[in-house]
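A.B. asks: Mind looking at a prediction? Sequence and model below.
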Amino acid sequence: MKDIDNLCLNCFKELREGAVCAECGYDNDTQSDSMYLEPKTVLAGKYVVGAFREHESDAVTYSGYDMQLDKKIIIREFYPKGISSRLEGSRDIHIRQKFVAQADNYKKSFYKLWTTLEKMHSLSAVVPVYDVFEENETVYAIIEHLECIPLREYLLRNENGYIQWDSARLMFMPVLTTLENLHANGIIHGSITPDNLVLCRDGKVRLRPFTIQEATDITSALEFNFCDGYTAIEQYENNHKICPATDIYAFSACIYRALAGTNPPSAPSREANDKLMIPNSIAETIPMHVIKAIGNGMQIYPEKRIKSIAEYREFLDAAPAVIAKAANSDAEYIEEEEYPDINKSSNVKSRVIISVLVVLIVAAIAAGIYIVQFTDLVKKPEQTTSTTQSVNYEVPDFVTNGYTQVDVENNGAWNEQFTITFEYDYSTDVEQGIIFKQNVAAGESVPAGSDIVLTVSRGIQTETIPELSGKTLEEATKILEELGFKVSSVEVYNDGGHTPKTVKSSYGSAPAAGEEAAVGEEVILQIYGEVQTTTEPASENQD
């Protein structure tokens, strides 16, 4: 067994000289937070606690070292964020009295989650868990450490930021077996994103991290980190319930990101405009059955989505049953006489090809996926004459629905209809990133290609309140107005030791000097009044 005192607390390689590790660069003199376990704490008599890594909704993650197996591990400690703490000098988790009953249920869920995952170590997309135990009034899971990179980083390393379906299929399909087994055991991951799907050195794609289901929506007492574009609508505050379709939504969004090269718009924004746009140049490279699978997997409401992983796998594999179902349900949309009768032998073949394409396109549109331009999918006969027709489009309401710049940029139809540009300005009412102005009114009909300028909020612009004591009301007002503040004043008592009409020497403004305040906010100045005389005029005696 290695000497623990001579190991880096992050990578557990031997320290060669000094406190900074030559292997990973970690400074082993980093001061530890008393909220977390002291480095070199030994758990279960064999697991050494290393460097603190992160504190998520239901747990703290540490680097660790297995003294018996002589290898680096990951230690996950149940530590519900926001409702618990660790008193100084104690290793026990202390739960705030108000949340004792809730925390007890969370702890049971945590134990069940990790013992279930421990039994699933053979599944390819689960990072192996090989021990779960209770200690320090909490629960610990011991997880194998694997070298890996997030899917998002892998995609960004590609020249175009996306990959072809043939490559994506090899990465994504094995994960479905793992999800199917998790769902069969009552486990919903609830946070599948390009950052939580990781590519490991052994070539496998795995899921991380796992949190208890109580931490996967906004209604929980635990913190939940939303990931716009990947978090399903039911994880926001509403009446829809989290279910296996929640993971199908997020998994479909990850496939969309891998194939289209952009993040899908957020679920709440899609309630107002339920469209997923794929540029034609990219759509040409994606099999139509995959587009249909993404569309069905990313239906806004869970009750309209694909319900099970087994059904979802059939869509992605283009199983014969799925193709037959699509053909039967959409055949009424195909009119044979629409296609030109070039010659008898070739016409039959072309009708079949075009019919299949139309079926799949109609199916994709029904699923909510819109491909920008279909002209290259089905080549039309050349026309000997051309006609020019002016087309007008109604301008959408970009402001009321709370769209972001990304939402608009991802909407292929809008970008085909208009020439959209963006400006940026501060707003005291609209949070950063939200569109709050448009130069053409919603509902107005304009010619195709018209310029639409959308103003995106930079959030609240703030300035520091300057020190104004002793300045005249006029001077102070000018300074504040130049910074963008509104100014009002109130008169305060002057004992004779101050110049009238000047700002009070201490606490002369509200907000006070040195504080940050939003531009446009009112600043109230306290101004000394005229010196008051206390001499009363002599009264006249009247007989």
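C.D. replies: Sure, I can see it. Numbering: from 1, shown residues only.

A.B. asks: Near the nearest residue to Tyr426 once chain neighbours are set aside, how many other residues are there?
C.D. replies: In space, and not counting its chain neighbours, Tyr426 is closest to Gln461: 3.6 Å by C-beta to C-beta, 6 or more residues apart in numbering. Heads up, the C-betas are built off the backbone N, CA and C, glycines and all. When counting by other C-beta atoms under 10 Å, one arrives at 13 neighbours for Gln461.

A.B. asks: can you pull the pLDDT of Gln461?
C.D. replies: The model reports Gln461 with a pLDDT of 78.

A.B. asks: Run the chain-centre distance for stretch 251-263.
C.D. replies: Chain-centre distance of stretch 251-263: 14 Å, with C-alpha atoms, centre = their mean, to the nearest Å.

A.B. asks: same question but for stretch 454-467, I mixed them up
C.D. replies: Centre-to-centre, stretch 454-467 and its host chain are 24 Å apart (C-alpha atoms, centre = their mean).

A.B. asks: got it, and stretch 36-51?
C.D. replies: The answer for stretch 36-51 is 32 Å, by C-alpha atoms, centre = their mean.

A.B. asks: Just the terminal-to-terminal distance for it.
C.D. replies: End-to-end distance for stretch 36-51, by C-alpha to C-alpha, to the nearest Å: 10 Å.

A.B. asks: Then stretch 62-74?
C.D. replies: One end of stretch 62-74 sits 6 Å from the other (C-alpha to C-alpha).

A.B. asks: ditto for stretch 192-210
C.D. replies: The first residue of stretch 192-210 is 9 Å away from its last residue (C-alpha to C-alpha).

A.B. asks: pLDDT below threshold where in the stretch 251-400 of the chain?
C.D. replies: By pLDDT under 70, the low-scoring segments of the stretch 251-400 of the chain are 319-390.

A.B. asks: Show the residue spans covered by the helices in it.
C.D. replies: 267-272, 280-283, 288-297, 309-317, 320-330, 344-366 (DSSP state H, counting those that start in this stretch).

A.B. asks: so how far is Tyr424 from the residue nearest to Tyr426?
C.D. replies: Distance, Gln461 to Tyr424, using C-beta to C-beta, to the nearest Å: 11 Å.

A.B. asks: cool, His183 as well?
C.D. replies: Distance, His183 to Tyr424, by C-beta to C-beta: 43 Å.

A.B. asks: In the chain, which residue is most central in space?
C.D. replies: Note on the chain: the residue nearest the mean C-alpha position is Cys227, at 1.7 Å, using C-alpha atoms, centre = their mean.

A.B. asks: Within the helices and strands, which one has that one?
C.D. replies: Element membership for Cys227 (DSSP states H and E) is empty, with no helix or strand holding it.

A.B. asks: and if you look at Leu155?
C.D. replies: Taking DSSP H and E as the criterion, Leu155 maps to helix 151-157.

A.B. asks: Show me the contact partners of that helix.
C.D. replies: The set of residues external to helix 151-157 that reach it, using C-beta atoms under 8 Å, 6 or more residues apart in numbering, is 161-163, 171, 193-195, 197-199, 205, 254, 257-258, 261.

A.B. asks: re the thing from before, so for His183 and Tyr424, which residue has more residues nearby?
C.D. replies: Ranked by neighbour count (other C-beta under 10 Å), His183 and Tyr424 place His183 first, with 19 against 12.

A.B. asks: All the strands of the stretch 151-300 of the chain, residue numbers only.
C.D. replies: Secondary structure of the stretch 151-300 of the chain (DSSP state E, counting those that start in this stretch): strands at 197-200, 205-207, 276-279.

A.B. asks: In JSON lines: those strands, plus distance to Leu179 and mean neighbour count.
C.D. replies: What follows is the strands of the stretch 151-300 of the chain, written out as JSON lines (distance: least, C-beta to C-beta, whole Å; neighbours: other C-beta atoms under 10 Å):
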{"stretch": "strand 197-200", "distance to Leu179": "11", "mean neighbour count": "20"}
{"stretch": "strand 205-207", "distance to Leu179": "8", "mean neighbour count": "21"}
{"stretch": "strand 276-279", "distance to Leu179": "21", "mean neighbour count": "22"}
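
A.B. asks: Turn these into CSV, including distance to Thr246.
C.D. replies: What follows is those, written out as CSV (distance: least, C-beta to C-beta, whole Å):
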stretch, distance to Thr246
strand 197-200, 16
strand 205-207, 14
strand 276-279, 18
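
A.B. asks: Those strands: which one's closest to Ala232?
C.D. replies: Nearest to Ala232 among the strands of the stretch 151-300 of the chain is strand 276-279; the distance by C-beta to C-beta comes to 14.1 Å.

A.B. asks: and the closest one, how far out from the chain's middle?
C.D. replies: Using C-alpha atoms, centre = their mean, the offset of strand 276-279 from its chain centre is 20 Å.

A.B. asks: What is it packed up against?
C.D. replies: In terms of contacts (3 or more C-beta pairs under 8 Å, 6 or more residues apart in numbering; DSSP states H and E), strand 276-279 is packed against helix 244-260, helix 288-297, strand 369-372, helix 412-417.
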